[in-house]
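>>> Mind folding the following:
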Amino acid sequence: MSEPRIASIVRYPVKGLPGVVAGGAVALEPGRGLRWDRSHAIENGRVRIEAPAAWNSREGYFHVARHEEIVRFGVVLDDAEGDAPTLTLTAPDGRSASGALGEAVGDGAPGEATDKTSDHATDEDGAIGALLRDTLPAGAFGSPRLIRSGATGLWDWPEAHLSFINLATVRALEEAAGAPVDPRRFRGNMLLGDLPAWGELGLLGRRFRIGGAVLEFFQPTDRCRATTIDPVAGVSDLNVPGLLASRFGHMYCGVYARVVSAGAVRAGDRLEALDGGTRSTRVDGEPGWPRTGRIVSREPAGARSESFWIEDPTGLVGAALPGQHLRVHLADEAAPSWRSYTISATSPGRARITVRRDGRISSALHDRAVVGSGLVLSGPFGDVTLDVARTADSGTATAPRPGTPGADTPAPDSRGERDLVLVSAGSGITPTVAMLHALVVAGSRRRVRVLHVERTAADLALWDEVTGACAALPDAGAALHLSRAAESSPTSGSAPSPADTRIGRPTAEDVLATIADIDPSSVDVFVCGPALFTAEVRLTLEGAGVPAENVRAEVFYSPTAAELAEPRDPSSAGPHRIRVGTAEARWRPASGSILDAVEGVGQDWPSGCRVGACGTCVRRLVSGSIEYLVDPIVPPPAGSVLVCCSAPTSDVEFAAEV
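Got it, this is the predicted structure:
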């Protein structure tokens, strides 16, 4: 494959307004990116901006996510590489106004900050200022005015000098949406060609020479409501965040780069790797970031499963809590192109997933994933985790596999913890293994009971690790049920001893046997398996006196159900009161979702996909009851609500903090 190339270069002289395509070479400087890119913004008067010269959040300016109409402005920037280019704005009604950028800004060079706040008002009383006052609404703190930023542009992130959009990724979004997707929705500075879909994620943590400049890619670009807006018509017509979250498993499209060395760049320039194909820096990331990891080993785990060790450029999965999962995103698969897998073991900077050949994404991993190949991942995710004392040395909660260095030297457990029961079926054994490893490393003294169900001995994955960890703990036992295996013979390396094996599905008495010598009121239970299995185990244990809150379940989730659906009509006629601290809103069916209702009274709650997929809008429910108008694609934590797709069925109160 040839090196990626710059297909086109676009700058946005006024934040939120349309961009201007660069016709020739552009100069890049460290700390600045494109000259005059996001150098100006239009204050909206809704939020007081105390220091216009500084980087400020977009909430103080007109921006596309809140003010759709601004994309209908026309923008021309003459002499864009000069010290005082001429900006021409054309309003949606056809009126135009022009002004020279920089001339009314004081005595600094373009982009330099001054000590005078008023110096950062540009053409406030001139033609552009008059045009803005005539066409845009005023706020409580004044009329709209064009202002200039200080030493850096008003990017969405302070150090996001340049944003890159991969045209092949946009085409993948088009295919998933079944409709055209204009790349201008993403407001990128550099459009990339000759790169596979989602290949831009493999640029993170690496340095490239482009023309005469050197750039470092450091962060993927998360997407908000602004991308739902048609960049020409100025109307919301395509839920891009919902499309990303449901069909691709994340809400990112594009990557950010910072300028390391100055130089000129033009359309057609190639990206020349300066690191020999390896990352020059560690990616200082967040769990939700999709990034390209690397498969470092692969080994069979029973007749139908394979274990993959994956190296993470952020290192985050290596510190996953036992019970957490990661997502695998396959760029060359039809959407939905992702699936979640519980982490079965960790080591520094790496995690292991054990994948059963079951379904399209899992089968693709079995068929095509090879050692050394890249793999897009995100995570770790999940709150159904075991809280274990961490080792003094590594700070990680999940142990190495039995037989590896360090596995036989557990650190002392600093807590007197409750007894533990782990119940699983099929691939649900993976969190059980992770939790047992963690207990061994922590030197836990608690009693542990394991019950696992598998179809046949040949299908067993990781059972040798279960029995090995139980043997290393002071009081642990494991029982195995083979539901379809009366005549089957165990496979080498996974054969349980006859005393541990029962033929047939476990009965209620078998489940109760796990707590036979344990106080049911003070036991922690983790269940992982199909929904019906989980419900049966929960009902049995709760009937025996185990508190409902002590039974925590990880139910298998498949993204094949991740469809964008129209919301249902609410069942309640209301009105209902929504309270958050001292703020209050009234909800009626016409209000829409809880999020719609609070936005209607001026509250600005974080949100993203608005279809229950991304988790951005999650809020803790203090009192009251709700219903979902759209079934959440990824359910929220217990006690929390996705307000973007829910409606109240009574008066409700939410915690003030997110």
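
>>> quick one: least confident helix or strand in this structure?
The least trusted helix or strand in the chain, going by mean pLDDT, DSSP states H and E, turns out to be strand 551-555, with a mean of 80.

>>> List the buried residues for the helix or strand that comes right after that one?
Heading C-terminal from strand 551-555, the first helix or strand you meet, by DSSP states H and E, is strand 576-580. Residues H576, I578, R579, V580 are the ones in strand 576-580 that count as buried (16 or more other C-beta atoms under 10 Å). No exception for glycine: its C-beta is placed from N, CA and C like everyone else's.

>>> Now do the phi/psi pair for R72.
With angles defined as degrees, to the nearest 10, R72 sits at phi -90, psi 0.

>>> hang on, isn't it packed against V235?
No: taking C-beta atoms under 8 Å as the definition, R72 is not a contact partner of V235, at 9.7 Å.

>>> Would you map the helices across the stretch 301-450 of the chain?
Taking DSSP state H, counting those that start in this stretch to define them, one finds helices in the stretch 301-450 of the chain at 360-368, 429-442.

>>> sorry, that was for the chain
Along the chain, counting by DSSP state H, helices occupy 127-135, 167-177, 240-243, 360-368, 429-442, 463-472, 508-513, 531-543, 594-599.

>>> and of those helices, who's closest to R46?
Nearest to R46, of all those, is helix 594-599, at 13.3 Å by C-beta to C-beta.

>>> For the closest one, name the packing helices and strands.
Where contact means 3 or more C-beta pairs under 8 Å, 6 or more residues apart in numbering; DSSP states H and E, helix 594-599 is packed against strand 576-580, strand 583-587, strand 646-648.

>>> To A197, which of those strands lies closest?
Per C-beta to C-beta, nearest to A197 of those: strand 646-648, 33.1 Å.

>>> Partner strands of that closest one, with direction?
In the sheet, strand 646-648 lines up against strand 626-628 (antiparallel) (DSSP bridges).

>>> returning to that earlier point: could the helices and strands packed on helix 594-599 be laid out in TSV, adding mean pLDDT and distance to Y256?
Formatted as TSV, those follow (pLDDT from 0 to 100; distance: least, C-beta to C-beta, whole Å):
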stretch	mean pLDDT	distance to Y256
strand 576-580	95	32
strand 583-587	92	34
strand 646-648	95	33
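
>>> So which of those strands is nearest T169?
Closest to T169 of the helices and strands packed on helix 594-599, according to C-beta to C-beta: strand 646-648, at 31.1 Å.

>>> Please enumerate residues in contact with the closest one?
570, 572, 574, 576, 578, 587, 589, 591-594, 624-629 (C-beta atoms under 8 Å, 6 or more residues apart in numbering).

>>> now those residues: which count as buried?
The buried subset of the contacts of strand 646-648 (16+ other C-beta under 10 Å) comprises 570, 572, 574, 576, 578, 587, 591-594, 624, 626, 628-629.

>>> Farthest-apart pair in those, please.
G592 and G624 (17.5 Å).

>>> List the buried residues of stretch 208-215.
Neighbour counts using 16+ other C-beta under 10 Å place F208, R209, I210, G211, A213, V214, L215 of stretch 208-215 among the buried residues.

>>> Take it, keep the C-alpha atoms, and write them as PDB.
C-alpha atoms of stretch 208-215 as PDB (Å, rounded to 0.1, in the frame of the first residue of the first chain):
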ATOM      1  CA  PHE A 208       5.300  11.700  10.100                       C
ATOM      2  CA  ARG A 209       7.000  14.200   7.800                       C
ATOM      3  CA  ILE A 210       4.500  15.900   5.500                       C
ATOM      4  CA  GLY A 211       6.100  18.200   3.000                       C
ATOM      5  CA  GLY A 212       8.500  20.300   5.000                       C
ATOM      6  CA  ALA A 213       6.800  19.800   8.400                       C
ATOM      7  CA  VAL A 214       6.800  17.100  11.100                       C
ATOM      8  CA  LEU A 215       3.600  16.200  12.800                       C
END
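
>>> Pull the distance from it to the chain's centre.
With C-alpha atoms, centre = their mean, to the nearest Å as the basis, stretch 208-215 stands 29 Å off its chain's centre.

>>> if we can go back for a sec, check the buried ones among the contacts of strand 646-648 against G293 and report the nearest one.
Within these, the smallest distance to G293 is 33.3 Å, found for Y628 (C-beta to C-beta).

>>> Just give the number of residues close to the residue nearest to that closest one when sequence neighbours are not counted.
Closest residue in space to Y628, ignoring its immediate chain neighbours: S646 at 5.1 Å, by C-beta to C-beta, 6 or more residues apart in numbering. S646 has 25 neighbouring residues, counting by other C-beta atoms under 10 Å.

>>> P636 and L642 touch, don't they?
Yes: P636 is within contact range of L642, at 5.2 Å (criterion: C-beta under 8 Å).

>>> if you count what's nearby, which of those two comes out ahead?
Neighbour totals were compared for P636 and L642, and L642 leads with 29 against 19 (other C-beta under 10 Å).

>>> I figured that one was touching L621, is that so?
No: applying C-beta under 8 Å, one finds L642 not in contact with L621, separated by 10.6 Å.

>>> how close does the residue nearest the centre of the chain sit to A345?
By C-alpha atoms, centre = their mean, the chain has its centre lying nearest to G288, at 2.9 Å. Distance, G288 to A345, by C-beta to C-beta, to the nearest Å: 22 Å.

>>> How about R209?
39 Å.

>>> so I353 bridges to which residues?
F308, I343.

>>> Give me the distance between it and T86.
I353 is 56 Å from T86, by C-beta to C-beta.

>>> Those two: who's more crowded?
The residue with more neighbours, out of I353 and T86, is I353; 26 against 15, by other C-beta under 10 Å.

>>> Next up, the contacts around that one.
S307, F308, I310, L326, V328, Y341, T342, I343, S344, T430.

>>> on that earlier part again, tabulate the helices of the stretch 301-450 of the chain in a markdown table, adding columns for distance to E542 and mean neighbour count.
Listed next are the helices of the stretch 301-450 of the chain as a markdown table, based on distance: least, C-beta to C-beta, whole Å; neighbours: other C-beta atoms under 10 Å:
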| stretch | distance to E542 | mean neighbour count |
| --- | --- | --- |
| helix 360-368 | 32 | 16 |
| helix 429-442 | 20 | 28 |
